[in-house]
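**Q** A structural model of the following input is requested.
(4 chains)
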Protein chains: 2
Amino acid sequence: MSAQYGIGDFSKKTNTTVRTLHYYDEIGLLKPAFLSDGGRRYYTDAEIVKLQKIVTLKYLGYSLEEIQEIIHEKDWNLKQSIQFQRGEMIKKKQQIEQMIRTLDHALTIIEDNQTIDATIFISLINSIQMENEHREFLKELIPEITINEIYNIPEEKHKQLSKRTANLFTNLKEAYGQEPSSTSVQHLIDELWQILNDLYPDTKSLIETLMEKDEELTQQLDDSPVLFPSAFNAGEEKWVGQALEIYFKKMGLILDEND
Amino acid sequence: MSAQYGIGDFSKKTNTTVRTLHYYDEIGLLKPAFLSDGGRRYYTDAEIVKLQKIVTLKYLGYSLEEIQEIIHEKDWNLKQSIQFQRGEMIKKKQQIEQMIRTLDHALTIIEDNQTIDATIFISLINSIQMENEHREFLKELIPEITINEIYNIPEEKHKQLSKRTANLFTNLKEAYGQEPSSTSVQHLIDELWQILNDLYPDTKSLIETLMEKDEELTQQLDDSPVLFPSAFNAGEEKWVGQALEIYFKKMGLILDEND
DNA sequence: ATAAGACCTAACGTTACGTGAGATACAAGA
DNA sequence: TCTTGTATCTCACGTAACGTTAGGTCTTAT
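**A** Down below sits the predicted model:
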C-alpha cells in the first residue's frame, strides 16, 4: 500500500513520460501531490486517477486545453460535449476517406501505366480533388442536369476514364512536334473525342455552348482562381489546340481564331 | 495573356494566402519567377503549375518536406509512394474510427443515464479504451479461449452491459455509507454479480482462479503500469469490498482477509 | 511630389511534448 | 561524514505550417 511515487516510478506506473508529467505540471493540468524540500515532485494514487481521466479524455480527441476546462468546470455537459466531439471526429474521418479514395483512384491510373509523366498524373489527381469546385464553377454555365450527368458516373467508370486519359496524354506528349494534321496525331485527337463523348454523350453541343460563352468567360477568369491545371506546358497546349482545330473543322465544328 | 502577377494577385488566383507564398519561398519550395529591384515577388503562369503540384500533393497527405523531395527527385517512384501514403492514411482512419466507436459507446452509456457521475463515466470509457491492453494482461492468467469469450461479445450487448454497469455504479455511490450487509446493498451487489455472469457465464471459477493468483499478482502489479482505473475512491472501494465479502460468504466463496 | 495601397522583413504564437545541457537532490556505501 | 551514482531539476530550443501583428518600404496614380 505504498502511496508515494517519485516522478520516475509514477511515469512507469502510468505509462507516461517524465516530460509529459513536467509539462502537465507546468500548464497546471496535473500538479504533484507535494514537493520535497529540494523541489522534487511526488505523486500519490489520487494523481493516478486524475491522470487516467486526462488520458481518457485525450483518447476521445480533446485537446489539453479542453480537458482543463472539462476538469475545472463542475457542470460539464457530458452528452452535448460528446456529441460535438463525435461530429468533429466524423468530419476528420470524411476528410481522410476522401484522401484515401483519391489515392485509390491514383493507384488505378498508375496501375498499368508504368511510366506516367508526373505532370499528367498531378493534373488528373488535381481534377479529381477539385471536382466539387469545378461543379460550382460549371453550374453557372450549363444546366444542372448536365452537370450531374457528367459527375454522377459510377466510380469504376470514372477510374477507367482517368486511365484512358492518362494513356492518351502520355501518347500526346510523345507525339508532340509531329504535324498536327498527320494521321497519327489526328488519331489521338479522335481518342480524346471518344473519351469526352464517353463522359457525356452530347459533347458536341456542350462544346458549342462553351464556345459561345467564351468571351465573357475569358474576362471573368482573369482574376478568379485557376481551376483547371493543365497537364501540358504552353507549347504542348498550343499544339494540341491546333490539332483540335483541324479535327473540329473536319467534323463541321468551327472554332474562333484567337491567336 | 498577362503573365506576371504580384503576390496579391497570385494569391487570389491560386486561392492561397500571401503568408503561405512567403513561407514556401522561405523554405525554397516555391520561389517567385523574379524579384523587383525593391525586392517584391513576381510570379508567372509557370508558378501556378508548380503550386498546383504542391497543393495536390498536400491534398494526398504529404508533408511539405516530402513534397520537396518528390519535386526535386527526378525518379519519384509514384506507385510505391502512393501505396505507402495510402497505408498511412488507412492507419489514421482506423484510429479515428476507434475514437468514434468509443464516443458512440459513450453516448449509449449516457443516453438514459442523465446524471451519471463523471468518475464512473471516465472509468467505463477507460475500460473500453484499454481493452486491448487488458487482453494482453489477462492472457497470462486465463486460458485464451476464456478471454475471447469475454471480449468477443457483440457490440450491442457490450453497450447494454456498460449501461447497466453505469447505472449500478451510480446506485452504489448513492448507497455508500449504508450497512454493507443490508438488504438494499446486497441487492446491488447481486446486480453486480448478474452483470459479471452475463459477461462470462462461469464467473465463479474465474474469480476463484484470480484469487489463487492474487499474491503473485499483487507483487507484480506494484511496479507495472496501472490498468484498471477505479470508478470509486478509496473509501467507496473498501466499502464495496466489504459488501462483496459478505455476498461471497453467503455464496460459499471465501476471500482472504488482507486488511 | 505626395498619398494610398501593396508589399516587405522580422518575430512571436500555435500543440504537446522530445531532446539535450548543465546544475542539484537524494540514498547508499566507505 | 564524505563520496559516489543515480534521479531529478530547470532552462531552452526544435517540431509543422502557417496566422497574426508591427513597423518600415515600394509602386503607382494623381
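
**Q** can you pull out the helices in the stretch 151-259 of chain A?
**A** Per DSSP state H, counting those that start in this stretch, the stretch 151-259 of chain A carries helices over the ranges A:155-175, A:183-199, A:203-212, A:214-221, A:234-251.

**Q** next one: the stretch 1-150 of chain A
**A** Going by DSSP H, counting those that start in this stretch, the stretch 1-150 of chain A shows helices at A:7-14, A:18-26, A:45-59, A:64-72, A:78-111, A:118-129, A:131-138, A:144-151.

**Q** can you tell which of those is closest to residue B:240?
**A** Closest approach to residue B:240 among the helices of the stretch 1-150 of chain A (CB to CB): helix A:45-59, 15.8 Å. (Each C-beta comes from the backbone N, C-alpha and C, glycine too.)

**Q** That closest one close to chain B?
**A** Yes - residues of helix A:45-59 contacting chain B under CB under 8 Å from any CB of the partner chain: A:45, A:48-49, A:52-53, A:55-57, A:59.

**Q** What residues sit buried inside that helix?
**A** A:45, A:47-49, A:51-57, A:59 (16 or more other CB atoms under 10 Å in any protein chain shown).

**Q** Next: stretch A:58-65.
**A** Those buried within stretch A:58-65 under the rule 16+ other CB under 10 Å are A:59-62.

**Q** Over to it now: how far is its first residue from its last?
**A** 10 Å (CA to CA, to the nearest Å).

**Q** Output stretch A:9-23 as CSV, nothing but the C-alphas.
**A** This file holds the C-alpha atoms of stretch A:9-23, laid out as CSV (Å, rounded to 0.1, in the frame of the first residue of the first chain):
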residue,chain,number,x,y,z
ASP,A,9,8.0,5.5,-10.6
PHE,A,10,4.9,7.4,-11.3
SER,A,11,5.7,7.7,-15.0
LYS,A,12,6.3,3.9,-15.2
LYS,A,13,3.1,3.2,-13.4
THR,A,14,1.0,5.3,-15.7
ASN,A,15,2.9,4.7,-18.9
THR,A,16,3.6,8.4,-19.5
THR,A,17,6.9,10.1,-19.9
VAL,A,18,8.5,12.2,-17.3
ARG,A,19,8.5,15.1,-19.7
THR,A,20,4.8,14.8,-20.1
LEU,A,21,4.3,15.0,-16.3
HIS,A,22,6.6,18.0,-16.2
TYR,A,23,4.5,19.6,-18.9
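
**Q** close to chain B, is it?
**A** Yes - shown here: stretch A:9-23 in contact with chain B (CB under 8 Å from any CB) through A:9, A:12-15.

**Q** pLDDT weak spots in the stretch 101-250 of chain A?
**A** A:113-114, A:130-153, A:210-211, A:213-229 (pLDDT under 70).

**Q** from the buried residues of stretch A:58-65, which is closest to residue A:239?
**A** residue A:61 (52.1 Å).

**Q** Do stretch A:45-63 and DNA strand D come into contact?
**A** No - Stretch A:45-63 lies out of reach of DNA strand D by CB under 7 Å from any atom of the strand, never closer than 12.7 Å.

**Q** Tell me if that stretch is near DNA strand C.
**A** Yes - using CB under 7 Å from any atom of the strand, stretch A:45-63 reaches DNA strand C at A:58, A:63.

**Q** Contacts for that stretch next, please.
**A** With contacts defined as CB atoms under 8 Å, 6 or more residues apart in numbering or on different chains, stretch A:45-63 is touched by A:3, A:10, A:13-14, A:16, A:24, A:29-30, A:32-33, A:64, A:66-67, A:70-71, A:82, A:85, A:88-89, B:99, B:102-103, B:106, B:118-119, B:122-123, B:125-126, B:129, B:226, B:229-230, B:233-234.

**Q** Now restrict the residues of stretch A:9-23 next to chain B to buried residues only.
**A** A:13-14.

**Q** Check the gap between residue A:165 and residue A:124 for me.
**A** Residue A:165 is 6 Å from residue A:124, where distance means CB to CB, to the nearest Å.

**Q** filter the contacts of stretch A:45-63 to the buried ones?
**A** Of these, these count as buried by 16+ other CB under 10 Å: A:10, A:13-14, A:16, A:24, A:29-30, A:32, A:67, A:70-71, A:82, A:85, A:89, B:99, B:102-103, B:106, B:119, B:122-123, B:125-126, B:129, B:226, B:229-230.

**Q** show me which of the residues of stretch A:9-23 next to chain B neighbour DNA strand C.
**A** Checking the residues of stretch A:9-23 next to chain B against DNA strand C by CB under 7 Å from any atom of the strand, not one of them is in range.

**Q** Take the residues of stretch A:9-23 next to chain B and lay them out in CSV including distance to DNA strand D and pLDDT.
**A** As requested, these are exported to CSV (distance: CB to the nearest atom of the strand, whole Å; pLDDT from 0 to 100):
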residue, distance to DNA strand D, pLDDT
A:9, 6, 95
A:12, 9, 94
A:13, 11, 91
A:14, 13, 92
A:15, 15, 91
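
**Q** Which pair in the residues of stretch A:9-23 next to chain B has the greatest spatial separation?
**A** Pairwise distances across the residues of stretch A:9-23 next to chain B (CB to CB) peak at 12.2 Å, for the pair A:9 and A:15.

**Q** Am I right that residue A:6 is in contact with residue A:44?
**A** No - in this structure, residue A:6 is not within contact of residue A:44 by CB atoms under 8 Å, at 11.6 Å.

**Q** picking up where we left off before, now the helices of the stretch 1-150 of chain A as CSV including distance to residue A:178?
**A** As requested, the helices of the stretch 1-150 of chain A are exported to CSV (distance: least, CB to CB, whole Å):
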stretch, distance to residue A:178
helix A:7-14, 70
helix A:18-26, 64
helix A:45-59, 61
helix A:64-72, 63
helix A:78-111, 25
helix A:118-129, 18
helix A:131-138, 31
helix A:144-151, 31
